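**Q** Any chance you can model this:
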Amino acid sequence: MPSRRTRIRPWGGPVLDPFKRQSLLRGPDSLLLFGKGYFPGHSASTLDQATAEEHREAEAAMRVDWAMHGASLTTWWVAAAPEAVDPDPWTRVVPGGPGTRPWAWWRFSCPGGRRNGEAEATALERLGVLAAEERARLRWRK
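**A** This is a model prediction of the structure:
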C-alpha cells in the first residue's frame, strides 16, 4: 500500500525534483534536458530560449521552491561534506564549499549585488553574510 509519508533528503526538506534542485544550485541552464526541471512541456530548455511568459513562470516556480528549500540547500552547499555529492550522474552537483553560495541564493536571497569580477567570498564578506566558522574555514584553505 502506498505511503503518504514525505521523504527527507540529506539537504533537508521534502523531496525536490533533482533537476529542479540542480537548477537552484547551479542555475537554470546547468542541465539542458528538454522538458526537465522548470521547463516541462515548454518550448525551451533554458531561460535564454524561453518566451517571456515561460521565463516568468519558471522564475516564479524557482522563487517558490527556493523559499521552501533555500535555507537547507545553502547549508548543504556551504558545508561541502564529501558524502554530500549527489550520486546520480544526470543531476550530480558538487557543493561549492565555504565562501560560496548556490545560484538561487544570488538570485533570490542576496541582500545586495555582486560587483563585476568580485570573488564570491569577497562579496559575501562585504555583504556581511559570511559566518565566522565559514571565514575560519576559508583562512585554513589559503
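**Q** Could you report the separation of Pro18 from Arg26?
**A** According to C-beta to C-beta, to the nearest Å, Pro18 stands 12 Å off from Arg26. For every residue, glycine as well, the C-beta is placed using N, CA and C.
**Q** Oops, could you answer that again for Ser72 instead?
**A** Plainly put, Ser72 is 16 Å away from Arg26 if you go by C-beta to C-beta.
**Q** For the nearest residue to Glu125 once chain neighbours are set aside, grab the count of nearby residues.
**A** Closest residue to Glu125 apart from its sequence neighbours, by C-beta to C-beta, 6 or more residues apart in numbering: Arg135 at 7.4 Å. Per other C-beta atoms under 10 Å, the neighbour tally for Arg135 reads 15.
**Q** same thing with Gly112?
**A** Around Gly112 sit 10 other residues, with neighbours defined as other C-beta under 10 Å.
**Q** lowest confidence element among the helices and strands of the chain?
**A** Averaged element by element with mean pLDDT, DSSP states H and E, the chain has its least confident helix or strand at helix 132-141 (a mean of 80).
**Q** Name the residues of that one that come out as buried.
**A** Of the residues in helix 132-141, those buried by neighbour count under the rule 16 or more other C-beta atoms under 10 Å are 134, 137-138.
**Q** now do stretch 50-64
**A** Within stretch 50-64, the residues scored as buried using 16+ other C-beta under 10 Å are 50, 54-55, 58-59, 62.
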